[in-house]
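Colleague: predicted model and sequence follow; I will ask about them next.
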Amino acid sequence: MNTKKVHIATILLALASGISTAQASVAPFQPYQAQLFATNTAMPNALNTSLTRYPSFRNQEKYNSGFAFYVDNDLLVPGSDDRDYTGGLALTLSGKRAKEYWFSLDTALSATESLLGLDTFSSGSGQRQLHSVEFGATAFTPGDVENSDANQNDRPYASLFYLSNTRHHINHNTKTAVTTTLTIGAIGLPIAGDIYNGIHSTIGSDKGEGWSHQISSGGELTARFGSSRQQVIASNYSADSSYEIKTLAQGSLGYLTELSFGVTGRWGRINTPWWTFNPANAKYTEKSSAVTPFKRTNDLFVFGGFSSHVRGYNAFLQGQWKNSDVSYDRNELNTIIHEAWAGVTVGIDAKTNISYFIRGQTSEIKQGDGDRNPVWGGGCIQLFHLKLTSIKPEP
């Protein structure tokens, strides 16, 4: 185990503990009494306090509601090894701007929703829609990164650079949220190895010598459409502590094709509505989560969950149309994969919070050197666009 990796992980854990201790004196969250930094008194249903707490409803979604930066890496878990899902980066921009950028996939996502009959989720009483766009990169490596030869007995090198748009359909009345995501990207780009080796050279870790053998080496376009439905099944909010428990059902078609079912929850001082926190939507680097403008100073909670995936196809192991030096047939992979996660979120100030989590899953490969249960860590910083003035309707 690289001592630098242990050192980095120890510092991060100590930092999270220190922040949690510093925040312990903050007064506990009082449900339905937290000051909103963004409200609109002229908004329809203004007398309905359960709606006026949510400033992104109706036509009030802000043009820029904030952004989030995610880092996943095995460096963030003490005792981990540099292999399997070795890391990823993602930047999420939220608000109406996500559907108005020239590169936005929102129009295509809307058409896909209509084709699949999912365009009715944002109609009717209590139903709203939020938007986000995300840029990211994901990398996978075998166990022995110093070997420059293609290892047919281990998982292949693989990478993804992507752009995705997400729509969040929220039904406040029934406490359900449907999330749809459309992603396009490229796998097998040579720059993946350059970036990986550049980072590892900087931190003093071993370079990956076999990136020329990655899945779809040279580059290949790919895409994925995913949809998830979360339902609050239990919740309680009090001055001392609050909790939420949600069930999850997901479906995905594309470079990851699967069905998923699970349970997720959080407990502690919760100053944000149930639909603002969605770690269950993550697909490796892809987080598919909107950033919403709520006061976060009081947030201090732990979260966790688990899910089971019935996976039919994984391009990071099976490849696509191009021949790959190392790849697996469907019958060499496990169909049922279990995943679990746990973490903590701390509100730094009204506009900022940070999260740290550990995530792991059962092996995707049935046998050989690649038959391992990968574990990785992650961090997230979210910055919210808040003002002390009222939200004005966007043109």
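Modeller: Nice, I can see it. Numbering: from 1, shown residues only.

Colleague: next, count neighbours for the residue nearest to Leu317 when sequence neighbours are not counted.
Modeller: Setting aside the residues directly before and after it, Leu317 is nearest to Tyr328 in space (CB to CB, 6 or more residues apart in numbering), at 4.9 Å. Bear in mind the C-beta positions are built from the backbone N, C-alpha and C, glycine included. Neighbour count of Tyr328, defined by other CB atoms under 10 Å: 21.

Colleague: could you shift the numbering so residue one becomes 34, and keep it that way?
Modeller: All right, first residue 34 from here; so that's Tyr361.

Colleague: surely Tyr361 and Phe349 touch.
Modeller: No: the criterion here is CB atoms under 8 Å, and Tyr361 misses it with Phe349 at 9.9 Å.

Colleague: center of the chain - which residue?
Modeller: Lys320 (1.8 Å; CA atoms, centre = their mean).

Colleague: for Ser341, which non-adjacent residue is spatially closest?
Modeller: His371 (5.2 Å).

Colleague: for whichever helix or strand the one you found is part of, packing partners?
Modeller: Using DSSP states H and E, His371 maps to strand 369-382. Packing contacts for strand 369-382, counted by 3 or more CB pairs under 8 Å, 6 or more residues apart in numbering; DSSP states H and E, involve helix 36-56, strand 333-347, strand 385-394.

Colleague: picking up where we left off before, ok, the residue nearest to Ser341 - contacts?
Modeller: 339-342, 394-395 (CB atoms under 8 Å, 6 or more residues apart in numbering).

Colleague: cutoff 7 Å now
Modeller: His371 is in contact with 339, 341, 394-395, counting by CB atoms under 7 Å, 6 or more residues apart in numbering.

Colleague: next one: Thr174
Modeller: 115-116, 119, 190, 241.

Colleague: next one: it relative to His201, how far apart?
Modeller: 33 Å (CB to CB, to the nearest Å).

Colleague: which one of the contacts of His371 is nearest Asp273?
Modeller: Nearest to Asp273 out of those is Phe339 (CB to CB; 26.5 Å).

Colleague: okay, and the beta partners of the closest one?
Modeller: Val296, Ala373 (DSSP bridges).

Colleague: can you map out the helices along this structure?
Modeller: Applying DSSP state H to the chain gives helices spanning 36-56, 82-85, 139-148, 224-236, 348-351.

Colleague: what bits of the protein have low per-residue confidence?
Modeller: Filtered on pLDDT under 70, the chain yields the residue ranges 34-92, 112-113, 154-159, 272, 326-330, 418-428.

Colleague: just checking, what's the longest strand in it?
Modeller: strand 253-269 (DSSP state E).

Colleague: quick revisit: just the contacts of Thr174: which are in strands?
Modeller: Those of the contacts of Thr174 lying in strands (DSSP E): Thr119.

Colleague: can you list the contacts of Thr174 in JSON lines and add neighbour count?
Modeller: Formatted as JSON lines, these follow (neighbours: other CB atoms under 10 Å):
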{"residue": "Asp115", "neighbour count": "21"}
{"residue": "Arg116", "neighbour count": "19"}
{"residue": "Thr119", "neighbour count": "28"}
{"residue": "Tyr190", "neighbour count": "30"}
{"residue": "Gly241", "neighbour count": "24"}
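
Colleague: the contacts of Thr174: which two are farthest apart?
Modeller: Applying CB to CB across the contacts of Thr174, the maximum distance is between Asp115 and Tyr190, 12.2 Å.

Colleague: sweet, I'm off.
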